[in-house]
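>>> Make a model of this:
(chains A and B)
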There are 2 protein chains.
Amino acid sequence: MSAIPKLAPRAGVVERRASILAGLAALVPPAALITAEDERRAYETDALTAYRQIPLAVVLPETTEEVSAVLAFLNREGVRVVARGAGTSLAGGALPTEDSVVVGVSKMNRILEVDTANRTIRVEAGVTNLAVSGAVSHLGFFYAPDPSSQLACTIAGNIAMNSGGAHCLKYGVTTNNVLGAKIVLMDGTVVEIGGKALDAAGLDWLGLVVGSEGQLGLVTEATLRILPLAEGARPVLMGFSSAEDAGACVAAIIGSGIIPVAIEYMDRPAIKVCEAFAHAGYPLDVEAMLIVEVEGSEAEIEDLLGRITAIAQDFRPQTIKVSRSEAESLAIWKGRKSAFGAMGRIADYMCMDGTIPTGQLPLVLRRIAEICAARGLEVANIFHAGDGNLHPLVLFNANEPGGLEKAEECGAEILKLCVEVGGCLTGEHGVGVEKRELMVHQYTPVDLAQQTRLKSAFDPAWLLNPNKVFPLEGRVLS
Amino acid sequence: MSAIPKLAPRAGVVERRASILAGLAALVPPAALITAEDERRAYETDALTAYRQIPLAVVLPETTEEVSAVLAFLNREGVRVVARGAGTSLAGGALPTEDSVVVGVSKMNRILEVDTANRTIRVEAGVTNLAVSGAVSHLGFFYAPDPSSQLACTIAGNIAMNSGGAHCLKYGVTTNNVLGAKIVLMDGTVVEIGGKALDAAGLDWLGLVVGSEGQLGLVTEATLRILPLAEGARPVLMGFSSAEDAGACVAAIIGSGIIPVAIEYMDRPAIKVCEAFAHAGYPLDVEAMLIVEVEGSEAEIEDLLGRITAIAQDFRPQTIKVSRSEAESLAIWKGRKSAFGAMGRIADYMCMDGTIPTGQLPLVLRRIAEICAARGLEVANIFHAGDGNLHPLVLFNANEPGGLEKAEECGAEILKLCVEVGGCLTGEHGVGVEKRELMVHQYTPVDLAQQTRLKSAFDPAWLLNPNKVFPLEGRVLS
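From the prediction side, this is the model:
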């Protein structure tokens, strides 16, 4: 992605740094303002580690009022703002520019209200994803979206990226589980939208904010839907002799009307690496494996697993292994959840993220293999097959000249393929910096112009989270 | 609502009627253009029958291209447009103005694609709600939102109003079941958003369009989520000696983690009228009744009904009657679904529509009774209690001078109460003309200004569905 053009800094901002810092110092306590270069360096990148840029300054407000004051000031000064949760973005969604102030939500991490009668929880946006479930598990509830980074990532980041996770097939992704938000617009205005009650009158722009990648405002509080924990859950492992069979089996399960909690797909390279790392009991002689998890009462689980394994018979499974204990279930999931880390032990890789209509799975898997083979690269496929969210890992050697570039080419081809078959170039990681210039493959100029008008209705000077989401070429900038 | 101010006609439009009609005649076949006064009269009102206004003309296009050509022409001419589905709006959402052209979708009623592997159906927007389920029921699927008007109302109208229904507690309302749409903007631009795959890159404004009441564009096609039909479903009737007990029982069921398909609430006046009409076997000696329906396999249904009736014991139920056959279930639902018609036989009424956090149910029921009693009016409460969507029917005598006005006062007070307790002044009927001036109770000027900017980003001249949603006072009009 070395090819992605850089946005030019706003004239005079870097030069005015001293007076901008003085202005910020008047608005937040000393501990909330980070100016020293070695401390700012901690904010120079995110989980897409390919780019680095130290920001002008970092502010860590503790209240919505502080966020409002800081944004109003930076708006008047014409200074760009990059919102930051835990910095776990895989698409460069939290990357600073040299002329921007990072506003982090890490100090806004209080649970504000738990309300089981209305099945809601209200939290500050810096609360981590896992802490939300942690706050309600003793009451028999949980928060559904479960990104792999859930130990670290914040609700603010989840809302910005519309995060998903392995268990989102049944309960939806972030946008299906956010009921309300407190949002600070770039001019400092604080707006509350949604809440505990159904529906909104007039224009309901909560869904527009979810997934908007920090382009419209900063979310400081959120009201989230919590769900009852199921009595139990158990997965079945099913191995197939071809990607086509496994893909067709996914389509058949979905088409049958069963809604499992998760359907995860791993191909042979992924199975091999994960099994070596986690000793999960995965079959090593198959081309593709599905982990299908169902939940409910014991009787329900048995019934659903029976129906699923019966459907699988049509696709010549080589192995079917139903988990019979919690220990077995944990091992199966440990293998899947450690996939990215396990892969990192043996090769450099680029983790792609796209979605496709689930019915297109067999075709897409075949084409991904062709795209990578044509460039002499290996690929491991690990993804949320039930909702068509692919995570192909393109393996490459970073020490080989041109290695990264070849991987980037494969990645771009794979995402264009997703769009071609009716899918989308991001599933849960977002566009960020990484896929900014690919947006022209997803959208026509008319589509992009409409999105641009919406962005301008919130942030007329385009100060919020610069350099991301919208392709630079042809963008109308103030 | 006689007090609601009228929007002034746009200068010169009515006077230019002949040339506008000539322009439209060049764009659509003769049968698609309605100009004669007696034929236009069929479009003068909707299900909120209190207002009437014959439009300038009516156009019934058959294709997206025709809609695009018509809107582009009217945009150039500065003529307002009122989109119309089946005209079943209870909030005046389809009411014309004298200077507007009605664009109806009734001729765009083809099922375009059924895709069970991806659990989707693509339809033209004039297809009726019930026809969507009808097109997939033989495959074991259904479309979840089920407004009472589902025999007549269109998907276009459902999307405009974010329609709900008795069975939306488990599966969500329209916005949770629309995956994509083809939309014609006021300048004739055709934009496609969403589709069969999960997520969208960049700004996802599909959710903004759902519930936008025809303010942003005309939806001509939609991709909808279809769901597997459950094996079976059965309701239980539970009667209580007070509204507080019934309301607290709803909160306890929701808080326990069970998600029924429907929890419907009826009070004594409603029970009496519905039982007289439908002979549904409702208990006549109780103050409040709940219909709680669950679905699944026979074992699951038994288990869930057992848990629900056990929870109900804490609230001193007078009667508990579990449906034991399909005939009994049908009778129970017939009573509920005929409620509005049955009530219309004995009195004039205004059907209100608001939402509250479900935990506030007992308080809100008490205050509704007080509000109506203070004006000497009776009220019957029938509503979707599970998701807090209230439909109080305020009874009045239209022949008594001032009768309507008193009912209107009660209605406005009830909706303000909904907002006060953290709810919303519309649940599924929309704002339309009816609640336009109440929006200032829901939103601050800052909130409304932000909605106004969004409206302008789509429709800068404010030509789409005039006179609705946004309060006239202080509105910036071109």
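>>> Averaged pLDDT, stretch A:51-59. What do you get?
Mean pLDDT, taken over the full extent of stretch A:51-59, equals 93.
>>> So for it, what gets flagged as buried?
Buried positions in stretch A:51-59, judged by neighbour count with 16 or more other CB atoms under 10 Å in any protein chain shown: A:Tyr51, A:Gln53, A:Ile54, A:Pro55, A:Leu56, A:Ala57, A:Val58, A:Val59. Where C-beta positions appear, they are placed from N, C-alpha and C, glycine not excepted.
>>> out of the residues you listed, what pair is the most spread apart?
The span of the buried residues of stretch A:51-59, defined through CB to CB, is set by A:Tyr51 and A:Val59 at 21.4 Å.
>>> which stretches of the stretch 251-400 of chain A form helices?
Across the stretch 251-400 of chain A, reading from the start of the chain, the helices by DSSP state H, counting those that start in this stretch fall at A:268-278, A:298-312, A:326-337, A:339-346, A:361-374.
>>> Among these, which comes closest to B:Ala369?
helix A:298-312 (41.7 Å).
>>> do the closest one and chain B meet at all?
Yes: contact check for helix A:298-312 against chain B, using CB under 8 Å from any CB of the partner chain: residues in range are A:Ala299, A:Glu300, A:Asp303.
>>> In space, what's closest to the last one - neighbours in sequence excluded?
In other words, A:Asp303. B:Ser297 (7.0 Å; CB to CB, 6 or more residues apart in numbering or on different chains).
>>> isn't the one you found right up against B:Arg234?
No: using CB atoms under 8 Å, B:Ser297 and B:Arg234 do not qualify as a contacting pair, with a distance of 11.5 Å.
>>> More neighbours: those two, which one.
For B:Ser297 versus B:Arg234, neighbours defined as other CB atoms under 10 Å in any protein chain shown are more numerous around B:Arg234 (23 against 14).
>>> quick one, strands of the stretch 151-300 of chain A?
A:178-184, A:190-194, A:218-225, A:227-228, A:232-240, A:262-267, A:288-296 (DSSP state E, counting those that start in this stretch).
>>> Of all the residues in stretch A:341-360, which ones are buried?
Within stretch A:341-360, the residues that qualify as buried are A:342-343, A:347-360, counting by 16+ other CB under 10 Å.
>>> now swap in stretch A:141-157 and tell me
Applying 16+ other CB under 10 Å to stretch A:141-157 flags A:141-150, A:152-157 as buried.
>>> Could you list which of the residues you listed also contact chain B?
Residues shared between these and the neighbourhood of chain B are A:Phe141 [CB under 8 Å from any CB].
>>> now what about the longest helix belonging to chain A, what contacts it?
Taking residue count as the measure and DSSP state H as the definition, the longest helix of chain A comes out as helix A:403-420. Contacts with helix A:403-420, where a contact means CB atoms under 8 Å, 6 or more residues apart in numbering or on different chains, come from A:1-3, A:50, A:348-350, A:352, A:354-356, A:364, A:367-368, A:371-372, A:375-377, A:379, A:390, A:392, A:394-398, A:424-425, A:435, A:438, A:441-442, B:197.
>>> counting contacts, what elements does whichever helix or strand comes after that helix pack onto?
Later in the chain than helix A:403-420, the nearest helix or strand by DSSP states H and E is helix A:439-442. When contacts are defined as 3 or more CB pairs under 8 Å, 6 or more residues apart in numbering or on different chains; DSSP states H and E, helix A:439-442 packs onto helix A:403-420.
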